[in-house]
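Novice: pasting the structure only:
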C-alpha cells in the first residue's frame, strides 16, 4: 500500500475524530457513530466490488489509455477500466437509503423527509446523466445543461429562506437582511452547475478528482461538526435538529465510499472514475450546501476549483483554442510531467511554478494546496466573517 | 406510418378523452390539460431525439441483432441500436420535474412533495440500474435485487395506511379493517419487484414491451379519471386533492413519451428499448399504485404479465432448463413465427393455440389480449368488487 496515500487518508480523519469526541451530545454522537459504521461497511463493500465492476466496464468498452504514461514501457498499451464512479455512487445511494429507512422509523419529520428525498432524486439523476455521458460521449454543450435538470428537484424541495444577511458595511443602505426571492434559487442552481463542472475540469492525473473530493468532503464534515457543537452549546435543551446533522448523514458515507475508490484510483491508477464520479461528487456537495444553508462556506472549500475555472476561462469560452485533453506532457525519459503553458489549467500552472515533477508528486502538491485552501477557508469563516456579518 | 399502430394508439386515447370531457371540475381539467400539453411537447421531443441517441448507443456498442429476423434477407446482418429507454425515461424525468416546479409555486403541500420526490428518486434509481444493466450485462440474480433497492425511498416516504379492508365474507372473523403493519410495506416491495421484472419477461418480439406499457398506462389513466369523477361528485365542495390526480400527473407524460418510443420500436423495430425501459416502466406503475393506493386494481391490469410469470415459473426457477432467449422460432420461408413448446412463455402459448403467425400479428394479438384483460379488470373493479368490499 502506498505510504503517501495512507498518510493522506489518515490526516483526513484526525480533525473529524477529535471534533466527534468533543461533541457535547451523546445522542448526536450515537447517530454519527451509526452512520460511520454503516459507511465503513459500505466502504469495504465498494473496495471489494470495484475490481469486479471494473472487469464489466472494460468488457463494455468503457476503458481508456492512461495519457500520462505514453511511451512508458511499464504501462505499454494497457487499457484502464473507466467510469468506476458508478460503483461508488450506487453503493453510496443504497447506503443513504438504508440509513433513511433506519432513521425514518425513529424520527419521522415530513419537511426533512421531503428534502432528503429531493437530495436523493437530484444526486441519483446526476449519476444517471454522468453515466449516460460516459457511455454515450455527450457533447460539451449538453454536459453544461445536465446539472441544471438534475438540481431542479432540490430547488423545488428547498424549504429554506431566500434571504441573505447583508455585510455590516452595507447595512446602512440595504438593511440587515435582503430577500433575493427567485434570484436566490437561481444562485443555488448556478452553484450546482458550478460544483459539478468545476471538479470535472480540475482533473487529468491519477487520483486528483477523487483526492480533491476527499479533501472537500472532510472539510464539510469538519464544518458540520463545529456547527453542531456550537448549536448544542447554545441550545443545550433544544429538541430541534441542526441541518448540519443532515449534511453529516450524507457526507460520511460519501467520504468512506470515495476513499475506497481512491485506493484503486491512486497513482498508478488501476481504474478511472469517469464523469459519473465527478458529477456525482459535485452534486453531493451542492446538495448538502443548499439544503443545510452553507453555500458561501462551501465556496471557500472550492477555492482551487474556482482558481482553475477562472484560469481556464479563455479556453473554456473558446477565446484560445481548446484541445480535447488539457493535461501536461509526460516525458518518458525523466519520468516527470512537464508544463504545456498553452493549456490553461492549475496543473500546468503548478508545473510552471515548481518545475517538472512526477505525476504522483503533482497530485500530492495539488491535494496539499486543496487542504491549505480549506484551512484558510476555516480561518475566514470563523475569524474574518464575524466582523462582516 | 403503420396503420395498425395508428389504430392501436388512437383506440388508447378514446376513453381517456371522453372521461376527461365529463370531469365535473374545471380546475381539475385545467391541471390535466396543462400536463397533457407539456407531455405532448415531451413526446415530440422524444420522437425527434431517439434517432440521434440511437446513433450514440450504437456507437457505444449498445446494439444487437434482431433474433426474429434471422435468415431474412431483408434484414440481413443489420444491428439494431439498443437501450433507447434511456432517452424516453430521461425526457420523462425532466418533464415530471418541470411540472413539479410549475405546480409547486401554486400548490405547496409538504406530504405530497415528499412522496413526489420519493417517486422521482425511486424511478430515477431504477432507470440508473436498468441502464447499468444494459451497459454492464449484470447477472440474473442481481437483476432481481435491483428493484428492491430502488423502491426503498418510496416505501420510506409512503405515508398512507397499512390496513386492508377485509372482504365481507371474512368480516365475522377478522373485523372490517385489518392492519398488516410492516407486512403491508413488504407487500408493496414485492409489488415493485414483480412489476419491474414481469414486464421484462413478457418480451422478445418487436413492440411488445412498449405496447403493453401503453395499454397499462392507458388503463391506469382511465381508472384515475373515473375515480376523480366519483371523488368530485361525492365531495363537490372539498378542497382536498384526490391522490388520483397525483397518479395522472405521473402517467400522462409516461404515456406520451412511451408512445413516441413505440413509433420507433413497432415492427420492424428501428430501435430496441433495453432493460432501461422495462425497469423504468414497471417502476412507474408500481410507484403510482403504491402512492395512490390502488395496488389491487393495478394487479388486474397486470393479468397477462401474471399469467406469463406463472407459466414461466418452471423455467425461471430452474426446474426445466432455461435458454438465454425464450423467443419463438422464426421461419424465413413462411415469414411466420412458430412456437417452441419447451419455452414456457405467453408468446409460445399463443402460437400453439392460434397457430403460426407473423411477428407483427403476434404482437397485436398480445396487445389485444392485454386490452381485453384491462376491460375485464374494470368489470371486476367496478361491478364485482363492490359485493365483497
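Specialist: On my side now, so go ahead. No experiment lies behind these values; they were computed from the predicted model shown.

Novice: Any figure for the gap between the residue of chain A most remote from its centre and chain B?
Specialist: Distance from the centre of chain A peaks at residue A:172, with 37.5 Å (CA atoms, centre = their mean). According to CB to the nearest CB, to the nearest Å, residue A:172 and chain B sit 34 Å apart. Heads up, the C-betas are built off the backbone N, CA and C, glycines and all.

Novice: For that residue, identify the helix or strand it belongs to.
Specialist: Residue A:172 belongs to helix A:171-174 when assigned by DSSP states H and E.

Novice: what pLDDT, on average, does that helix get?
Specialist: For helix A:171-174, the mean pLDDT works out to 83.

Novice: How about it, which residues are buried there?
Specialist: Within helix A:171-174, no residue qualifies as buried by neighbour count (16 or more other CB atoms under 10 Å in any protein chain shown).

Novice: before we move on, what about stretch A:49-59?
Specialist: For stretch A:49-59, by 16+ other CB under 10 Å, it's A:49-50, A:53-54, A:56-58.

Novice: again, but for stretch A:380-389
Specialist: For stretch A:380-389, the neighbour count (16+ other CB under 10 Å) marks residue A:381 as buried.

Novice: go on, stretch A:71-82?
Specialist: A:75, A:80-82.

Novice: Distance from the chain centre to it, please.
Specialist: 28 Å (CA atoms, centre = their mean, to the nearest Å).

Novice: now that stretch: mean pLDDT?
Specialist: pLDDT averaged over stretch A:71-82 gives 80.

Novice: Now do the helix or strand that the helix holding residue A:172 is followed by: distance to the chain's middle.
Specialist: Next along the chain after helix A:171-174, taking DSSP H and E as the criterion, comes strand A:177-179. Chain-centre distance of strand A:177-179: 29 Å, with CA atoms, centre = their mean.

Novice: can you tell if the helix or strand hosting residue A:149 touches chain B?
Specialist: Secondary structure from DSSP H and E places residue A:149 in helix A:140-150. Yes - judged by CB under 8 Å from any CB of the partner chain, helix A:140-150 comes into contact with chain B through residue A:149.

Novice: What residues of that helix count as buried?
Specialist: Neighbour-count burial for helix A:140-150 [16+ other CB under 10 Å]: A:143, A:146-147, A:149-150.

Novice: with those residues in mind, which one is nearest to residue A:45?
Specialist: Checking the buried residues of helix A:140-150 against residue A:45 by CB to CB gives residue A:150 as the nearest, at 25.2 Å.

Novice: one step back: keep only the buried residues of stretch A:49-59 that also lie close to chain B.
Specialist: Applying CB under 8 Å from any CB, the subset of the buried residues of stretch A:49-59 adjacent to chain B comprises A:53, A:56-57.

Novice: any idea how far residue A:332 is from chain B?
Specialist: Applying CB to the nearest CB, the value for residue A:332 to chain B is 32 Å.

Novice: just how off-centre is stretch A:179-199 within its chain?
Specialist: Centre-to-centre, stretch A:179-199 and its host chain are 16 Å apart (CA atoms, centre = their mean).

Novice: Now do it: everything it contacts.
Specialist: For stretch A:179-199, the external contacting residues (CB atoms under 8 Å, 6 or more residues apart in numbering or on different chains) are A:122, A:126, A:143-144, A:146-148, A:150-152, A:154-155, A:158, A:162-164, A:209, A:212-213, A:278-279, A:281-283, A:285-287, A:289-290, A:295, A:298-299, A:302, A:305-306, A:308-309.

Novice: and which of the ones next to chain B among the buried residues of stretch A:49-59 is nearest chain B?
Specialist: The shortest approach to chain B among these belongs to residue A:56, at 4.2 Å (CB to the nearest CB).

Novice: contacting residues for that closest one?
Specialist: The contact partners of residue A:56, taken as CB under 8 Å, 6+ apart, are B:136-138.

Novice: run the last query once more with 6 Å
Specialist: Residue A:56 is in contact with residue B:136, counting by CB atoms under 6 Å, 6 or more residues apart in numbering or on different chains.

Novice: how close does it get to residue B:380?
Specialist: Using CB to CB, to the nearest Å, we find residue A:56 at a distance of 44 Å from residue B:380.

Novice: Let me know the next secondary structure element after the helix or strand where residue A:247 lies.
Specialist: Using DSSP H and E, residue A:247 falls within helix A:243-265. Next in sequence after helix A:243-265, counting helices and strands by DSSP H and E, comes helix A:274-291.

Novice: Which of the helices or strands spans residue A:80?
Specialist: Short version, using DSSP H and E: residue A:80 is in strand A:79-81.

Novice: And the pLDDT at the residue of the stretch 251-389 of chain A found nearest chain B?
Specialist: Among all residues of the stretch 251-389 of chain A, residue A:276 sits closest to chain B, at 9.9 Å; criterion: CB to the nearest CB. Looking at residue A:276, its pLDDT reads 95.
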